[in-house]
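**Q** need a structure here:
(one chain, ligands or ions: 1)
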Amino acid sequence: MAGVRWPPEDSDLPPPRVPAATAAAAAATEMISDDDRSVAADSWSIKSEYGSTLDDEQRHVDAAEVLLGCNFPAAASDYSSDKDGTDSNEVEASLLGLLSYWDASYAEDLANFHEHGHAGEIWFGNEVMETVAAWTKNLCAHVYQSQKEDDNNCTSDSGRTSKDLSGWSVLDIGTGNGLLLQELAKQGFSNLTGTDYSEGAIVLAQNLATRNGYPNINFLVDDVLETKLDRKFQLVMDKGTLDAIGLHPDGPLKRIMYWESVSNLVAPGGILVITSCNNTKDELLQEVENLNQKKTSMQELDPESGNAPVVFQYIDHVRTYPTIMFGGVEGSRVCSVAFRRS
Ligand SMILES: C[S@@+](CC[C@H](N)C(=O)[O-])C[C@H]1O[C@@H](n2cnc3c(N)ncnc32)[C@H](O)[C@@H]1O
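**A** Next up is the predicted model:
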């Protein structure tokens with residue numbers, strides 16, 4: 001089933017919209033091991049042990065629908081099993097949270113890269129990727145400049161700031177084809193690392209970076225939930241990865257692990273930028289607030305300020321994504337939110 005290919009670039013036929021991903025979803029369905037199935041089954045029962053599962057389950061299905069409507073692959077359309085009476089939406093959603101799904105997807109993308117030079121999906125589209133890269137660079141420059149001004153009690157020169165930013169250590173978690181890092185390189189960042197738990201993603205990202213003239217970007221296979229990285233980064237990017245993690249059948253638990261891990265990966269004073277179409281800005285703020293509360297309840301108050309130290313603090317979000325009005329409320333399909341690590 002994993003045999004769908006893009007037509008050659010000089011073909012008269014337009015490329016199909018999402019064939020690789022669709023095939024990958026079906027392949028992932030075939031490839032899901034008994035272990036994955038039992039993890040999925042266990043996780044639903046873990047949720048039940050927490051008490052009411054209805055909200056989480058509904059939220060999970062809703063999230064999957066939103067994601068599938070962004071540009072997550074059309075996994076749903078090819079998956080029609082209703083095994084064990086499970087709602088097929090739940091199974092479809094959980095596929096997007098599984099490594100087997102992504103492995104199959106990147107195997108397709110790699111084959112398309114080798115045959116036709118295609119880079120694969122740009123999640124949320126090129127415009128969002130370019131916007132978030134440029135916006136992040138400006139944000140980092142602003143944060144860096146105000147920090148310097150606070151330290152030196154004087155204004156700093158913006159040309160110098162850009163130069164200094166180039167040395168910032170940047171990590172993109174769940175980097176996929178790594179194109180966001182290439183975009184950040186165009187913005188002047190040069191100390192760039194991308195990780196993904198799918199080996200195929202990393203091979204694809206390395207191939208694309210070399211081909212496009214960015215051989216110095218580092219790529220590593222790493223599961224952010226059990227990261228082997230023992231260093232911290234001044235800027236951590238996530239575009240669509242928390243979304244995917246949240247769709248694991250054990251999503252709520254995995255999200256807690258995600259925040260734990262990410263809070264260890266961002267250096268003190270460093271910045272985390274999450275781009276999501278699964279969560280609104282306010283939902284991400286709430287999740288961070290929950291993390292802060294959990295952490296502070298375990299720590300003592302700062303003797304000087306009398307406040308409990310927070311882990312992440314909201315700094316800004318992208319305001320230029322197109323918005324839609326629904327039920328009198330304005331919103332956008334994608335949000336990018338930045339937090340500063342204490
Ligand atoms: C929606 S894709 C986004 C890819 C890329 N960030 C982009 O914007 O093009 C989600 C990515 O997260 C990766 N991923 C999911 N769970 C992960 C985990 N626990 N650790 C590392 N990568 C993960 C997947 O392999 C996939 O590449």
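**Q** could you give the mean pLDDT of stretch 212-225?
**A** Stretch 212-225 carries an average pLDDT of 98.
**Q** Same question for stretch 120-137.
**A** Stretch 120-137 carries an average pLDDT of 96.
**Q** where does the chain dip in pLDDT?
**A** For the chain, applying pLDDT under 70 flags the ranges 1-93, 153-163, 299-309.
**Q** how about 50 then?
**A** Scanning the chain for pLDDT under 50 picks out 1-25, 27-56, 59-60, 63-64, 72-85.
**Q** which bits of it sit near the ligand?
**A** 102, 123, 173-177, 180, 196-198, 201, 223-225, 239-241, 244-245 (Cβ under 6 Å from any ligand atom). In this view, the C-beta of every residue, glycine as well, is placed from N, C-alpha and C.
**Q** so how many other residues sit close to Arg319?
**A** 11 (other Cβ atoms under 10 Å).
**Q** export stretch 110-124 as CSV, just CAs?
**A** Extracted in CSV, the C-alpha atoms of stretch 110-124 (Å, rounded to 0.1, in the frame of the first residue of the first chain):
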residue,chain,number,x,y,z
LEU,A,110,11.8,10.0,1.0
ALA,A,111,10.8,7.9,-2.0
ASN,A,112,9.3,11.0,-3.6
PHE,A,113,12.4,13.0,-2.7
HIS,A,114,14.7,10.4,-4.4
GLU,A,115,12.5,10.0,-7.4
HIS,A,116,11.3,13.6,-8.0
GLY,A,117,13.2,15.8,-5.6
HIS,A,118,10.1,16.8,-3.7
ALA,A,119,10.4,18.1,-0.1
GLY,A,120,7.2,16.7,1.3
GLU,A,121,4.6,18.6,3.4
ILE,A,122,5.0,22.1,4.6
TRP,A,123,2.8,21.9,7.7
PHE,A,124,0.3,24.8,7.8
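**Q** That stretch: which residues count as buried?
**A** Of all the residues in stretch 110-124, those buried under the rule 16 or more other Cβ atoms under 10 Å are Leu110, Ala111, Asn112, Phe113, His118, Ala119, Gly120, Glu121, Ile122, Trp123, Phe124.
**Q** Looking at the residues of the chain next to the ligand, which are in helices?
**A** Judged by DSSP state H, the residues of the chain next to the ligand include Trp102, Leu180, Ala201, Thr241, Ala244, Ile245 as members of helices.
**Q** quick one on the thing from earlier: widest-spaced pair of the buried residues of stretch 110-124?
**A** Within the buried residues of stretch 110-124, two members stand farthest from each other by Cβ to Cβ: Ala111 and Phe124, at 23.6 Å.
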